[in-house]
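1. got a predicted structure here, sequence first:
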Amino acid sequence: MRPWYAVARALVKVGLRLGFELQGEGAERVPEGGLLLVSNHASYLDPLAVGSVARREIYYLARRSLFRGRMAELLTSVNTIPTAREHPEPAALRKILDLLSEGQGVLIFPEGTRSADGKLQPAKSGAGFLAAQAQVPILPVRVFGSFEALSRSARFPSLTPIRVVIGSPYQPRQMKEDETKKEYYRSLAEEMMRQIGSLQ
């Protein structure tokens, strides 16, 4: 873990523990090597919470509109990749695949955007496409409490406890002979949400 990333992660972790009583479970199940972390998404706090609990340096996605001035420098320095809001651009997809092939961990949200009600939403096929192309282990993660702490409609955060549960990594299945690529990608994405939903 690079020194600056370690410092930033430690500061965020302290802040989340003080403000939201952050707790994490299953951090010991985070493997080394190329890894696609997949999590539910209900709040801006989710990537911060997952990154604080994971015991390794990981990369994140954020919408391109956030990359302005000093904010762009800060986000880039902590491994954040700019992309379109719901559909990653070709350059971002290539960057993610390159990172995974280099043995890095990348966090994505299969739902594509924050949930409006805190409940799990259907996955976007793009998540399945990434999994199919990368063929690296997939690590399901579920964040509890972040919607209550800072929903997409909230103007201010609520000091509600946040808990991050990390599941067990699994390998994406291979494509069947009788299915199309579209069906294959959709199936992989749906499996991600099933794995996330099984975490308690």
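-> Cool, got the structure.
2. all contacts plus neighbour counts: C-alpha atoms, from now on.
-> Noted.
3. how about the helices in the chain?
-> Using DSSP state H, the helices of the chain run over 3-20, 45-53, 69-77, 90-101, 125-134, 146-149, 181-197.
4. which residues are contacting the shortest one?
-> Residues lying outside helix 146-149 but in contact with it, judged by C-alpha atoms under 8 Å, 6 or more residues apart in numbering, are 20, 42-43, 45-46, 117-118, 157-162.
5. dump it to CSV, restricted to CA.
-> Output in CSV follows, covering the C-alpha atoms of helix 146-149 (Å, rounded to 0.1, in the frame of the first residue of the first chain):
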residue,chain,number,x,y,z
SER,A,146,-25.1,4.0,4.5
PHE,A,147,-28.5,4.8,3.1
GLU,A,148,-29.7,5.9,6.5
ALA,A,149,-26.5,7.8,7.1
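6. returning to what we had before: comparing the helices of the chain, which comes out most buried?
-> By mean neighbour count, with neighbours taken as mean count of other C-alpha atoms under 10 Å, helix 146-149 ranks first of the helices of the chain at a mean of 23.
7. related to what we said a few turns ago, need the helices of the chain in CSV (columns: distance to Pro110).
-> Converted to CSV, the helices of the chain look like this (distance: least, C-alpha to C-alpha, whole Å):
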stretch, distance to Pro110
helix 3-20, 23
helix 45-53, 13
helix 69-77, 21
helix 90-101, 14
helix 125-134, 5
helix 146-149, 17
helix 181-197, 7
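8. what residue ranges in the chain are flagged as low confidence?
-> Counting by pLDDT under 70, the chain contains low-confidence residues at 85-88.
9. and with 80 instead?
-> The model of the chain has pLDDT under 80 over residues 85-89.
10. what's the separation between the residue lying farthest from the centre of it and Asp117?
-> If you look at how far each residue of the chain sits from its centre, by C-alpha atoms, centre = their mean, the farthest one is Asp178, at 30.8 Å. Using C-alpha to C-alpha, to the nearest Å, we find Asp178 at a distance of 37 Å from Asp117.
11. by neighbours, which of the contacts of helix 146-149 wins?
-> Ala42 (28 neighbours; other C-alpha atoms under 10 Å).
12. that residue contacts Arg114, doesn't it?
-> Yes. Counting by C-alpha atoms under 8 Å, Ala42 does reach Arg114; the two are 4.4 Å apart.
13. got a list of what the residue nearest to Gln23 when sequence neighbours are not counted touches?
-> Nearest non-adjacent residue to Gln23, counting by C-alpha to C-alpha, 6 or more residues apart in numbering: Arg163, 4.8 Å away. Residues near Arg163 by C-alpha under 8 Å, 6+ apart: Leu22, Gln23, Gly24, Glu25, Val143, Phe144, Gly145.
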